[in-house]
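Trainee: sequence first, predicted model second:
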Amino acid sequence: MKIVIGCDHAGYEIKQSVKLALRASLMKKDEDATHLQDIGCDSLDSVHYPEYGKTVADWVASKDADYGILICGTGIGMSMVANKVKGIRAALCHDVYTAMMARQHNNANILCMGARVVTPYQAINIANTFFETDFLGGRHEVRVKMIDS
Ligand code: RB5
C-alpha cells in the first residue's frame, strides 16, 4: 500500500505526528508492503494549501499512490481542492466514526483532517482507523460508481 501525505503550515505539526504513528502501526505489520511519501510542506512557514492538496490528489488519481492524507487548519480547504480532481473521494473526518464510515460506505481514497479541530492523539486514531477499515462494497459500490460518473 502506498500512501501520500501532504499539509499546509497549519497542518505541519500534526502531519509529523501522523507520519510517525503510521510508521509504527501500518509499517510494523508489513514494512516492505507499505510506503509513505511526504510531499510537504516542510515547516511552519505560510504556504498555499491548494498546491499541496492538488499534488496529493493527482498522485492518488493517477494511481501513483493508493491513498492520500491531507491536513490543513480545518481540513475544509484541502477537501475542497482534492474533490475537484476526478476519481478522488476525499473525506473530511474529525472523529473515528466518520473515518470508519468514509472507508466502509464511501470508499474514500483521501483522508482530510483539520489540525485546528482535532488533537494529535485524535488525528492518529482517525488515521489508523481509516487505514484499518475496508470498503464494504455491495449497495455502496453502486453509489460510489454514481459519484464517479
Ligand atoms: C490557513 O490559515 C487555513 O486557512 C488553512 O489551513 C485551512 O484551514 C483552509 O481551509
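Mentor: Perfect, thanks for sending it.

Trainee: the lengthiest helix in the chain vs the ligand: in contact?
Mentor: Longest helix in the chain, counting residues (DSSP state H): helix 12-29. No: using C-beta under 6 Å from any ligand atom, helix 12-29 stays clear of the ligand, with a minimum separation of 9.9 Å. C-beta coordinates here come from the backbone N, C-alpha and C atoms, glycine included.

Trainee: so where is this protein shaky, pLDDT-wise?
Mentor: Residue ranges of the chain with pLDDT under 70: 27, 31-33.

Trainee: how about the residues of it near the ligand?
Mentor: Selection of the chain residues close to the ligand by C-beta under 6 Å from any ligand atom yields 8, 10, 49, 72-74, 76-77.

Trainee: pull out the buried positions in stretch 62-80.
Mentor: 65, 67-75, 77-80 (16 or more other C-beta atoms under 10 Å).

Trainee: with secondary structure and distance to residue 30 added, can I get the residues of the chain next to the ligand in a markdown table?
Mentor: Compiled in a markdown table, those are given as follows (DSSP: H, G, I helix; E, B strand; the rest coil; distance: C-beta to C-beta, whole Å):
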| residue | secondary structure | distance to residue 30 |
| --- | --- | --- |
| 8 | coil | 31 |
| 10 | helix | 32 |
| 49 | helix | 32 |
| 72 | strand | 30 |
| 73 | coil | 33 |
| 74 | coil | 33 |
| 76 | helix | 33 |
| 77 | helix | 33 |
